[in-house]
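Asks: got a structure for you, letters missing:
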């Protein structure tokens, strides 16, 4: 992370640097904002990335039991024989 005082840089500097790493904006040496670059992301990615509901769903899904691809293929073969 880079710390930049509001008095020392332009918006262009913030935007340029934020594409590479997070920027902490400071005022009188104290953090006041965080700038995160989003170049290359679309609106849906930005909305999902900040959605508590989406991340809750992801967390729940990751906690579920999974099977391997080979196991899935076996199940499909077994179901198609019936």
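Replies: Received, thanks. Not measured: the values here are computed from a predicted model. Numbers count the residues shown, from 1 in each chain.
Asks: what about the strands in the protein?
Replies: Under the criterion DSSP state E, the chain carries strands at the ranges 2-5, 23-27, 30-35.
Asks: export those strands to TSV and tack on distance to residue 41?
Replies: For the C-beta atoms, the positions are set from N, CA and C on the backbone; glycine is no exception. Putting those into TSV (distance: least, C-beta to C-beta, whole Å) gives the following:
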stretch	distance to residue 41
strand 2-5	20
strand 23-27	17
strand 30-35	14
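Asks: Let me know which of those is tucked in deepest.
Replies: The highest mean neighbour count among those, using mean count of other C-beta atoms under 10 Å, belongs to strand 23-27: a mean of 16.
Asks: what angle do it and strand 30-35 make?
Replies: 150 degrees (axes from the mean of the first three to the mean of the last three C-alpha atoms, to 10 degrees).
Asks: Partner strands of strand 23-27, with direction?
Replies: Strand 23-27 has the following sheet partners, assigned by DSSP bridges: strand 2-5 (parallel), strand 30-35 (antiparallel).
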